[in-house]
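J.: I would like the atomic coordinates for the input below:
(one chain, ligands or ions: 2)
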Amino acid sequence: MSDALKIGVIGGNGWLGGAIVQAVLDARLAPPEELTLSYRGERPARFQGVRWTTDNQELADRSDLIIVSVRPAHWPSVAISATGKLVVSVMAGIPLSRLTVQLRTDRVVRALPNAAAEVGKSYTPWVASPAASERDRSIVRRIFEACGSTDEVTSEADIDYLTGLSGSGPAFPALLANAMMQNALTHGLGPQVARRAVAAVLIGTGRLLERHGESPVETVKTFLRYQGTTAAAIEAMRAAGFDAAVAGGLAAAFKKSVSMGQSS
Ligand SMILES: NC(=O)C1=CN([C@@H]2O[C@H](COP(=O)(O)OP(=O)(O)OC[C@H]3O[C@@H](n4cnc5c(N)ncnc54)[C@H](OP(=O)(O)O)[C@@H]3O)[C@@H](O)[C@H]2O)C=CC1
Ligand SMILES: O=C(O)[C@@H]1CCC=N1
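T.: Ligands and ions are numbered 1, 2, ... in the order given. Predicted structure coming up:
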């Protein structure tokens with residue numbers, strides 16, 4: 001970043017925290033020596049040149065931007081004073097109001113990346129408190145653009161909903177892929193061919209959706225109009241409750257996101 005931003009990541013050795021750190025380094029948003037990462041337990045050996053610490057207050061004092069990436073259940077243990085600093089939480093469920101009070105800063109952002117941050121393909125919606133400046137917003141945008149694509153939204157309820165839709169999202173195609181794999185194996189297909197076939201379907205569909213103008217609604221309609229094998233499969237899956245199962249799953253994730261914010 002232009003004026004050497006100092007970034008701290010609480011939980012920097014975790015699944016998501018580590019992916020964000022890697023993305024920041026890959027995009028050269030900050031040099032390793034400006035990064036302070038905290039951990040519990042054994043000192044991590046990854047990310048040459050960064051400062052690792054078990055002291056979250058030291059991390060906060062050394063950083064301009066603090067990313068909180070611990071599990072919601074561990075959030076009560078993060079007791080730091082971040083007065084005057086920008087804090088970005090990626091924790092599911094924890095509302096802006098609780099971040100503000102516990103971390104003693106009113107410049108707070110709630111963001112919800114997903115597991116595809118590991119490969120620079122996360123979708124990350126975020127919402128900022130009124131005290132976050134335009135510069136703060138620009139920094140947040142650049143961090144999450146390094147992880148994939150991103151949108152600022154205006155309501156925390158949208159973030160709670162998107163926690164299930166896109167935060168948990170990579171699990172849903174994985175669930176579908178798993179069901180397809182199981183079915184292929186049941187039909188006697190070799191595991192290698194089954195895995196390659198299913199992975200190619202997911203990756204190819206992603207590319208189709210990425211293509212300008214392609215929407216899932218249109219893709220499904222096109223296959224239904226074709227009235228071939230695909231339409232037969234879609235109609236049977238829908239008759240078995242496919243759409244209702246997806247809606248029920250997203251409702252469960254939404255409810256869990258809200259309840260985690262109340263209980264953690
Ligand atoms: N993984 C995902 O796909 C997504 C995760 N999220 C959110 O991101 C957050 C992190 O999730 P994820 O990376 O998966 O979880 P992980 O358990 O992989 O990582 C959390 C890390 O935080 C560390 N930690 C816990 N408490 C502290 C503390 N007080 N000080 C320093 N480090 C601490 C943990 O250490 P230890 O291992 O010793 O406990 C662990 O390394 C969660 O709040 C989750 O809701 C959001 C969207 C997607
Ligand atoms: O499953 C979870 O709770 C985390 C938050 C969103 C995605 N993964």
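J.: could you confirm E235 falls within a strand?
T.: No. Counting by DSSP: H, G, I helix; E, B strand; the rest coil, E235 is not part of a strand but helix.
J.: burial of the residue of the stretch 1-150 of the chain found nearest ligand 1, as a residue count?
T.: Closest residue of the stretch 1-150 of the chain to ligand 1, C-beta to the nearest ligand atom: G14 (2.0 Å). In short, each C-beta sits where N, CA and C put it, glycine included. Using other C-beta atoms under 10 Å, G14 has 19 other residues around it.
J.: I'd like the distance between it and A247.
T.: Using C-beta to C-beta, to the nearest Å, G14 is found at 30 Å from A247.
J.: repeat for L189
T.: Counting by C-beta to C-beta, the gap from L189 to A247 is 31 Å.
J.: what do you get for R28?
T.: In terms of C-beta to C-beta, R28 sits 42 Å off from A247.
J.: residue contacts, T124?
T.: By C-beta atoms under 8 Å, 6 or more residues apart in numbering, the contact list for T124 reads 111-114, 117, 144, 147-151.
J.: next one, pLDDT for it please.
T.: Looking at T124, its pLDDT is 98.
J.: can you classify L29 by secondary structure?
T.: With three-state DSSP as the criterion, L29 reads coil.
J.: now A232
T.: Going by three-state DSSP: A232 is helix.
J.: and P125, what element?
T.: strand 122-128 (DSSP states H and E).
J.: in stretch 253-264, what's buried?
T.: 253-254, 256-258, 260-261, 264 (16 or more other C-beta atoms under 10 Å).
J.: show me what from the stretch 51-200 of the chain comes close to ligand 1.
T.: Taking C-beta under 6 Å from any ligand atom, the part of the stretch 51-200 of the chain that reaches ligand 1 is made up of 56, 69-72, 74, 77-78, 90-92, 112-115, 167.
J.: and the residue of the stretch 1-150 of the chain nearest ligand 2?
T.: Relative to ligand 2, the nearest point of the stretch 1-150 of the chain is A92 (3.8 Å; C-beta to the nearest ligand atom).
J.: in this structure that residue contacts A73, no?
T.: No. Judged on C-beta atoms under 8 Å, A92 makes no contact with A73 at a distance of 10.5 Å.
J.: which of these two has more neighbours?
T.: Neighbour count, other C-beta under 10 Å: between A92 and A73, A92 has more, with 22 against 11.
J.: for that one, which non-adjacent residue is closest in space?
T.: Excluding the flanking residues, the one nearest A92 by C-beta to C-beta, 6 or more residues apart in numbering is T163, at 5.0 Å.
J.: who are the contact partners of that neighbour?
T.: 92-93, 112, 253-254, 257.
J.: nearest to A174, of these?
T.: A253 (14.5 Å; C-beta to C-beta).
J.: ok, that closest one touching G164?
T.: Yes. The pair formed by A253 and G164 meets the contact definition of C-beta under 8 Å, at 2.6 Å.
J.: please enumerate the helices of the stretch 51-200 of the chain.
T.: Taking DSSP state H, counting those that start in this stretch to define them, one finds helices in the stretch 51-200 of the chain at 56-62, 96-103, 134-146, 156-162, 171-186, 191-210.
J.: for the last one, which positions count as buried?
T.: Under the neighbour-count criterion of 16+ other C-beta under 10 Å, helix 191-210 has 194, 198 buried.
J.: now do that helix: which elements does it pack against?
T.: helix 171-186, helix 216-226 (3 or more C-beta pairs under 8 Å, 6 or more residues apart in numbering; DSSP states H and E).
J.: which residues does the shortest one contact?
T.: Counting contacts by C-beta under 8 Å, 6+ apart, the residues outside helix 216-226 that touch it are 208-209, 230-231, 234-235.
J.: tilt between that helix and helix 191-210?
T.: Helix 216-226 runs at 110 degrees relative to helix 191-210, counting by axes from the mean of the first three to the mean of the last three C-alpha atoms, to 10 degrees.
J.: tell me the average confidence for helix 216-226?
T.: pLDDT averaged over helix 216-226 gives 93.
J.: hmm, back to that, tabulate the helices of the stretch 51-200 of the chain in JSON lines, adding columns for mean pLDDT and distance to E34.
T.: Shown next, in JSON lines, are the helices of the stretch 51-200 of the chain (pLDDT from 0 to 100; distance: least, C-beta to C-beta, whole Å):
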{"stretch": "helix 56-62", "mean pLDDT": "98", "distance to E34": "9"}
{"stretch": "helix 96-103", "mean pLDDT": "97", "distance to E34": "21"}
{"stretch": "helix 134-146", "mean pLDDT": "98", "distance to E34": "13"}
{"stretch": "helix 156-162", "mean pLDDT": "96", "distance to E34": "28"}
{"stretch": "helix 171-186", "mean pLDDT": "98", "distance to E34": "33"}
{"stretch": "helix 191-210", "mean pLDDT": "94", "distance to E34": "33"}
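J.: thanks again, I'm all set now.
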